[in-house]
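Novice: generate coordinates for the sequence data below:
(chains A and B)
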Amino acid sequence: SAVISQKPSRDICQRGTSLTIQCQVDSQVTMMFWYRQQPGQSLTLIATANQGSEATYESGFVIDKFPISRPNLTFSTLTVSNMSPEDSSIYLCSVVTTRTEAFFGQGTRLTVV
Amino acid sequence: EDQVTQSPEALRLQEGESSSLNCSYTVSGLRGLFWYRQDPGKGPEFLFTLYSAGEEKEKERLKATLTKKESFLHITAPKPEDSATYLCAARSGNTGKLIFGQGTTLQVKP
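Specialist: Coordinates of the predicted model:
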């Protein structure tokens, strides 16, 4: 398995500001992903974090709003930019190991006021 | 189009009352069917991965099975601590992405 540390665990932010979420894994993984989970909903994939290159975004998500970095095989960040109350969600980092198993961090609960 | 559907949306059981959760999938070139447990305010906790039809995996009171079209999560003699949302996800062979169902929220009453 993989141990994933995600920070912060929660935050309350003012609209118009930005928040950067960090995801650290205890071992090298093949793939890293960022998901959003809105209240009472299932998980929606935001993007695939690619090591050393631009992230691959899903339909409805853009780089200007959700810039992602992945400088190495064990670390990634997701920034939620120019936040509005509609961005209030849980944001989750996920990794796929060499055994093709997928694990999740504990999530960042974001509230925008 | 790749799709995963879970049923029922919600399930209430008495302690000790066994039941099953269903996950139907339509995914090109399935590369794994995943089950997770999610408690309120927490990230999904990995339970099982199944890769081929006929495969079964067990963990305590949970057993997951897989056919070519669906997966079942059987819960035997559940306890109140089994109360959670159970998520199913299928990995597409074309894209490598996990496609999630909407989840089944299980409540086990003592």
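Novice: the bottom helix or strand of the chain by mean pLDDT?
Specialist: Chain wasn't specified; assuming chain A. strand A:102-104 (a mean of 91; mean pLDDT, DSSP states H and E).
Novice: correction: the question concerned chain B.
Specialist: strand B:98-100 (a mean of 91).
Novice: distance from the chain centre to that strand, please.
Specialist: 12 Å (C-alpha atoms, centre = their mean, to the nearest Å).
Novice: tell me, how many residues neighbour whichever residue of chain B sits closest to chain A?
Specialist: Nearest residue of chain B to chain A, counting by C-beta to the nearest C-beta: residue B:43, 4.1 Å away. The C-beta positions use only the backbone N, C-alpha and C, and glycine is treated the same way. A count of nearby residues for residue B:43, using other C-beta atoms under 10 Å in any protein chain shown, gives 23.
Novice: what's the answer for the one 4 residues further on, then?
Specialist: The criterion is other C-beta under 10 Å. On that basis, residue B:47 has 18 neighbouring residues.
Novice: so it is in which element?
Specialist: For residue B:47, the element it lies in under DSSP states H and E is strand B:45-50.
Novice: go on, residue A:27?
Specialist: Per DSSP H and E, there is no helix or strand for residue A:27.
Novice: surely it meets residue A:2?
Specialist: Yes - using C-beta atoms under 8 Å, residue A:27 makes contact with residue A:2 at a distance of 5.7 Å.
Novice: quick one: the strands in the chain, in order.
Specialist: Going with chain A. A:4-7, A:10-13, A:19-25, A:31-37, A:44-49, A:56-57, A:68-72, A:75-80, A:89-96, A:102-104, A:108-112 (DSSP state E).
Novice: was after chain B, sorry
Specialist: B:3-7, B:10-14, B:19-26, B:33-38, B:45-50, B:56-59, B:62-66, B:70-75, B:84-91, B:98-100, B:104-109.
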